[in-house]
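A.B. asks: Have a look at this fold, sequence not included:
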């Protein structure tokens, strides 16, 4: 089976002070984005923190996949 992949970069909006805990905001954004893409057949396969500041993650790279449908012959 072949798969298509999609990546998204998630970040909270606004100014941040170094060390601010962004976990709750990131979790909310992650849930919304995952549900949106899930409705279109995408499945979340990995979450990678991409920006850490003062011990707090403020950006996440998400990777989604979905099977590629074969054209009927």
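C.D. replies: Good, I have the coordinates. Keep in mind the model is a prediction, meaning the values are calculated, not measured. Numbering: from 1, shown residues only.
A.B. asks: Which strand residues bridge residue 60?
C.D. replies: Taking DSSP bridges as the rule, residue 60 bridges to residue 10, residue 49.
A.B. asks: burial count for it?
C.D. replies: Counted by other CB atoms under 10 Å, the residues lying close to residue 60 total 22. All C-beta spots, glycine's among them, are computed from the backbone N, C-alpha and C.
A.B. asks: Also residue 58?
C.D. replies: So residue 58, with other CB under 10 Å, has 20 neighbours.
A.B. asks: can you tell me how far it sits from residue 39?
C.D. replies: 27 Å (CB to CB, to the nearest Å).
A.B. asks: check which helix or strand covers the spatially most central residue of the chain.
C.D. replies: By CA atoms, centre = their mean, the chain has its centre lying nearest to residue 62, at 3.0 Å. Per DSSP states H and E, residue 62 falls inside strand 56-67.
A.B. asks: Helices along this protein, start to end?
C.D. replies: Assigned by DSSP state H, the chain shows helices spanning 23-38.
A.B. asks: Name the residues of the strand holding residue 62 that are buried.
C.D. replies: Of the residues in strand 56-67, 56-60, 62, 64, 66 count as buried by neighbour count, 16 or more other CB atoms under 10 Å.
A.B. asks: before we move on, what about stretch 5-15?
C.D. replies: 8, 10-12.
A.B. asks: circling back to that earlier point, wait, doesn't the residue nearest to the centre of the chain sit right on residue 30?
C.D. replies: Yes: judged on CB atoms under 8 Å, residue 62 makes contact with residue 30 at a distance of 7.2 Å.
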